[in-house]
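>>> predicted model, plus sequence, below.
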Amino acid sequence: MLPKLIAVGLAACAVALGQPAGFNYDEAAVPTYELPRILRSADGTAVRTAADWPARRAEILELFQDQVYGAAPAAPPGMAFSVLEQDAAALGGLAHRKQVRVEFGDAAGVSSMEILLYTPARAGGPVPVFLGLNFGGNHTVHQDPAIRLADRVTADGLEEGRDADRGSRSSRWQVEMLLRRGYGVATAYCADLDPDFDDGFRNGVHPLAPPEDPGDWGTIAAWAWGLSRALDYLQTDARVAGARVAVIGHSRLGKTALWAGARDERFAMVISNDSGCGGAALSRRRFGETVERINTRFPHWFADNFSAYNGKEDELPVDQHMLLALVAPRPLYVASAAEDLWADPQGEFLAARHAGEVYELLGRRSLGALQRPAVNEPVMRDVGYHIRAGKHDITAYDWERYIDFADSHWPRD
Ligand code: GCU
């Protein structure tokens, strides 16, 4: 036990660092727990060979779909793409920029999403692309004056997109770095797919398949569905190497990237940045954010079934190491930040380590049995992991590592 004054002091620091009070940030207070076995089927049989894996994978995917994120529909039959704008000499000649509307058809509460795609202007052929949703509108990812302004939908109504917000999140999108290293980057605004508040699923794409059942799609599943629709487009674009699209996301959009990558095996690489509870972190550790807190504070994110595990993590038929395992054998990278205790860096690391069982079964390289690596010392095998110094964020340091990781898996001349 910590002396009371130190404990109170630690709690105050935690709040100061954006870690809500009243939750556990003490490794010594993590309860003992037993993780569900990835390599044991529901009927108790052991999964021993690579040939046994697809059936077990299907079981795990179904559990996450029913109990955690919710089931999403197929691509709408009326889906259509239209190029709204393009410029072969954008960003001072560095980039080819394209803005593409994806129409979902009349049944959707919103009719479309807009994709912003930059590829290197002088690419000799199709390039690998990092695809991720953004929090504030495409115009926030770069100062480029040609990016179309996105309106913001809030619980109070519609706010027009503002020129003043151009590039306000550009540190989170290292566009020039990616282009210089030969990658494209594609993004869309998460609220085009589903605004991030609880409105009983009237807005966004949910009207395509209105949630009626407690196993139907919540907002994270709607966002993940949108990433698959963006991939549908990217695979038609001649500037994009469609078999080399990495899906990436930060925080709630990191949870989204993981679920998108788990469901849709066309994503060739999956990257989780500080995704925490409901993302890469093990729920059973109850360190930082808990299942109960996330379902209470964000009741729209998950399938209703997930709330049954509030305060009952040990009853979950899955834990998040199994979500990560669904990415195998494709390259997977999980990243944490040292001050981001709310997202449980140790729980994110352990999930990535345990997912390694499936990588090894499939003849790939896991993180190994190592302890969590030191701050700013990345480990890159078929599973990659780093813990960066600093706060909950996605920074140039993180992007450099993701590009290094992609270079190591997708070598080019
Ligand atoms: C909150 C939430 C997290 C989430 C984060 C974010 O902190 O509790 O689960 O990851 O917001 O998306 O920034």
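Looks like it came in fine. Worth saying up front: this structure is predicted, and the values here are computed from it rather than measured.
>>> and Gly254, how many neighbours?
27 (other Cβ atoms under 10 Å). C-beta coordinates here come from the backbone N, C-alpha and C atoms, glycine included.
>>> my guess is it meets Asp274, correct?
Yes - under the criterion of Cβ atoms under 8 Å, Gly254 makes contact with Asp274 at 6.1 Å.
>>> quick one, grab the pLDDT at the closest residue to Ala90 other than its chain neighbours.
For Ala90, ignoring the flanking residues on the chain, the nearest one in space by Cβ to Cβ, 6 or more residues apart in numbering is Arg97 at 3.7 Å. Predicted confidence (pLDDT) for Arg97: 98.
>>> now for Arg97, how many residues are close by?
Applying other Cβ under 10 Å, we find 22 other residues in the vicinity of Arg97.
>>> ok, now Gly167?
Per other Cβ under 10 Å, the neighbour tally for Gly167 reads 17.
>>> what about it, distance to the ligand?
Distance, Gly167 to the ligand, using Cβ to the nearest ligand atom, to the nearest Å: 20 Å.
>>> for that residue, what are its contacts?
Applying Cβ atoms under 8 Å, 6 or more residues apart in numbering to Gly167 gives the contacts His139, Thr140, Val141, His142, Gln143, Asp144.
>>> ok but the fifth one is inside a helix, no?
In other words, Gln143. No - using DSSP: H, G, I helix; E, B strand; the rest coil, the secondary structure at Gln143 is coil, not a helix.
>>> quick one, domains of this structure?
Per the record, the chain has its domains at 1-30, 63-409, by automatic domain parsing.
>>> just say which of those domains is most tucked in.
Stretch with highest mean neighbour count among the domains of the chain: domain 63-409 (a mean of 20; mean count of other Cβ atoms under 10 Å).
>>> what's the end-to-end length of it?
With Cα to Cα, to the nearest Å applied, domain 63-409 spans 30 Å between its terminal residues.
>>> hang on, the earlier thing: could the domains of the chain be laid out in TSV, adding distance to Leu39?
What follows is those, written out as TSV (distance: least, Cβ to Cβ, whole Å):
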stretch	distance to Leu39
domain 1-30	24
domain 63-409	6
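>>> specify the local secondary structure of the residue nearest to Ala90.
strand.
>>> tell me the bridge partners for it.
Counting by DSSP bridges, Arg97 forms beta bridges with Asp87, Tyr118.
>>> wait, it sits on Asp87?
Yes - with contact defined as Cβ under 8 Å, Arg97 and Asp87 form a contacting pair (4.9 Å).
>>> which neighbours do those two share?
Shared contacts of Arg97 and Asp87 (Cβ under 8 Å, 6+ apart): Ala146.
>>> which of the domains of the chain sits closest to Ala51?
Closest to Ala51 of those is domain 63-409 (Cβ to Cβ; 10.0 Å).
>>> ok now the closest one, how far from the chain's centre?
Taking Cα atoms, centre = their mean, to the nearest Å, one finds the center of domain 63-409 at 3 Å from the center of the full chain.
>>> without its sequence neighbours, what residue ends up closest to whatever residue of the stretch 301-413 of the chain ends up closest to the ligand?
Closest residue of the stretch 301-413 of the chain to the ligand, Cβ to the nearest ligand atom: Trp342 (5.8 Å). Spatial nearest neighbour of Trp342, chain neighbours left out: Gly288 (4.4 Å); criterion: Cβ to Cβ, 6+ apart.
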